[in-house]
Structures are given as structure tokens and as C-alpha cells.
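> compute the structure for the input listed below.
(chains A, B and C)
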Amino acid sequence: MPEGHTLHRLAREQQQTFAGRPVHVTSPQGRFAAGAALLDGRVLQAASSYGKHLFADFGGDVLHVHLGLYGAFTGGTGDPPPAKGALRMRWTAPGPDGAGAWTDLRGPTACEVLAPPEVAAILARLGPDPLRPRADGGVAHRRIGGSRTAIGALLMDQSVLAGVGNVYRAELLFRHGISPFRPGREVAADLWQRMWADLVVLMRSGVRMGRIVTTLPEHRTRRSGVVQRDDAHYVYRRTGLPCRICGTPVRTEVMAGRNLYWCPVCQAI
DNA sequence: TACAAATGATCAG
DNA sequence: TGATCCTTTGTAA
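Prediction:
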């Protein structure tokens, strides 16, 4: 499920699997019927992601997908399974002897065909994405450093920073011992540089692993082997459980409509 | 069978 | 800030 690392991974997979091939595009559910008809049979030029947005360029017409809270892609090789449920979009690229590939999209917030200027407009309102090669974290601090808004809310604002979601927000703040309620302008530039550098490392690791793991081995119940699901985070979805560092019960509260998790002792200020 | 929850964003007020 | 949209999955009734 989708924070920036998921979209980055999907773009890479779609690039490797479908780019340079004609793609058969359908919308079994019907809600993307017109767009599917427009793209069907055309060659995918390139797939890329920016923040939580995915762009698939079919040469002048760009498919834009935003997964929202529940959207998901699935896919595989060979023949696709029978379409079931609310299947917004299906891609297939037939190949000889089971070399075909398919991918299914369900539940997205956005699945639409855009012209390049519309794509540019979306990119223009996004802050720097820690996964983009030459992204500049300093640009984000220009917004953060002048704001009275809580850092916990600023981190979720895609025009400040693109690609960070609820998990990375909670975990990043914990790793730097920062209260989610601290105003942005009290996050000094050097502290922000450390946070940004950490985000780059964490999100790249997320792309590699296909999941978000933020804990150090010495803070896990099991120190070696595969990281268990309940060992992957410091505070995210650990309400009431003891903090891995100090033992204080992890707290939760809704901030701007989303569940926020933090340790009131390790993240006091 | 029904309902709640989930890593998101938008719009009204 | 609250309501709303998108869909699947897991748990409760």
C-alpha cells in the first residue's frame, strides 16, 4: 500500500515490463472505459513516479494514477486471471509462450488521461520527493522553517514534501526524537538536513525491500533473520505498546484526520 | 451478512 | 474540521 516508495517501485516494474511494447488497455468495471479506449494498443513510452503520483506516457497522452488510501496494483506473467471485483483498469501485453504480462488496478482515487501541461501542473504543486535523484531538501525547509503549523502536519503536506505518508511521518519523527506538535519554525535547518538525509535512506530502503522497516536491529524483539511485521516500526500502529527505547506506552491521536502515533517521553518537545 | 479499518486527497463551511 | 469518495480484507454478529 501506497507511500512514495510503493509508487517508485510500481513505476520501475511497469517500465521494465511494458515500456516499448503495445499495451492492451481495458476497463472491465467500465469507469475508465473512455480512457482505456484512447490508450488501447498504443506503445508505452515510459513509466515514472513523483511523490505518490504515477505517470505512464503513451506518447502525448499520459495516464495519471493516484492510488489514494486503498488503491492497489497487482500483476504477473502469462495469462491474466479472470477479471473479478471492481477492476478499474487492466493492462495486458501478450508474448510468445507465456512471456505475456498483465497488471490490474483497483480502487484508485485518480485514473485519468492527461495532456503534458496538466501533468506539469501536478508536478508544480509538489514539494521535493526524497526518492528523486537531485531532489533538494532545502526547498522543503523553506516552507517548514517559516510555519507555525505542527511538523507532524507539514510532513504530510504533499506541497511541502512529496511521497511521505502516515508511516514515514510517525517513524521519522520518532527516530529524531521530535514531538509531532512542534511548530515547523522550531525545526532548525541543520536538524532538518539530518531528517531529510534519513528520509532518503529510509525511503530508498523501502523501495528495495518493498516494505517500510525503520527499526534498528538492537531495538527489535528478534535481532536477526527476517524482520517480523510487529518489529518493523517504532510507533506506527503500536498504540499502548511499550516504546522500544523507554517503555512508555505509545500514544495515538488524530491529527488532521489521520492517526498519529508517538512516544510522549522520547518525543517530548 | 454487516461493519470497521486502511500507508490519501479534496471540497465545503 | 468534517464529510465524502474509491475498494478490499478481516473480524464480529
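
> show me what contacts whichever residue of the stretch 101-250 of chain A sits closest to DNA strand B?
Closest contact between the stretch 101-250 of chain A and DNA strand B, by Cβ to the nearest atom of the strand, is at residue A:165 (2.3 Å). C-beta: built from backbone N, CA, C; applies to glycine. Taking Cβ atoms under 8 Å, 6 or more residues apart in numbering, we find residue A:165 in contact with A:2, A:3, A:4, A:52, A:156.

> filter those residues to keep only those in contact with DNA strand B.
A:2, A:3, A:52, A:156 (Cβ under 7 Å from any atom of the strand).

> can you redo the contacts of residue A:165 as a markdown table with secondary structure?
Shown next, in a markdown table, are the contacts of residue A:165 (DSSP: H, G, I helix; E, B strand; the rest coil):
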| residue | secondary structure |
| --- | --- |
| A:2 | coil |
| A:3 | coil |
| A:4 | helix |
| A:52 | coil |
| A:156 | coil |
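
> just the buried ones from the residues you listed?
A:2, A:3, A:4, A:52, A:156 (16 or more other Cβ atoms under 10 Å).

> tell me the spacing between the second one and residue A:206.
Using Cβ to Cβ, to the nearest Å, residue A:3 is found at 7 Å from residue A:206.

> what do these two both touch?
A:168, A:212.

> show me what contacts the nearest residue to residue A:181 once chain neighbours are set aside?
Spatial nearest neighbour of residue A:181, chain neighbours left out: residue A:150 (5.0 Å); criterion: Cβ to Cβ, 6 or more residues apart in numbering. Neighbouring residues of residue A:150 by Cβ under 8 Å, 6+ apart: A:180, A:181, A:182, A:183, A:184, A:255.

> not counting residues beside it along the chain, what's closest to the fourth one?
Spelled out, it's residue A:183. Residue A:183 sits nearest to residue A:148 (Cβ to Cβ, 6+ apart), 5.0 Å away.

> contacting residues for that neighbour?
A:183, A:184, A:185.

> most neighbours among these, which one?
Ranked by neighbour count (other Cβ atoms under 10 Å), the contacts of residue A:148 have residue A:184 at the top, with 23 neighbours.

> where does the stretch 1-150 of chain A have low pLDDT?
Applying pLDDT under 70 to the stretch 1-150 of chain A flags the ranges A:1.

> 90 instead, please
The model of the stretch 1-150 of chain A has pLDDT under 90 over residues A:1-2, A:79, A:84, A:94-99.

> beta partners of residue A:251?
residue A:262 (DSSP bridges).

> helices along chain A, start to end?
Using DSSP state H, the helices of chain A run over A:4-18, A:33-39, A:116-124, A:137-144, A:151-154, A:166-175, A:189-209.

> by contact count, what packs against the fifth one?
Here helix A:151-154 is seen to pack against helix A:137-144, helix A:166-175 when contacts are counted using 3 or more Cβ pairs under 8 Å, 6 or more residues apart in numbering; DSSP states H and E.

> and those, which is most packed in?
Mean neighbours per residue, mean count of other Cβ atoms under 10 Å, is largest over the helices and strands packed on helix A:151-154 for helix A:166-175, with a mean of 24.

> contacting residues around that one?
With contacts defined as Cβ under 8 Å, 6+ apart, helix A:166-175 is touched by A:3-4, A:151-152, A:155-156, A:164, A:179-180, A:195, A:198-199, A:202-203, A:206, A:212, A:214, A:233-236, A:258-263, A:266-267.
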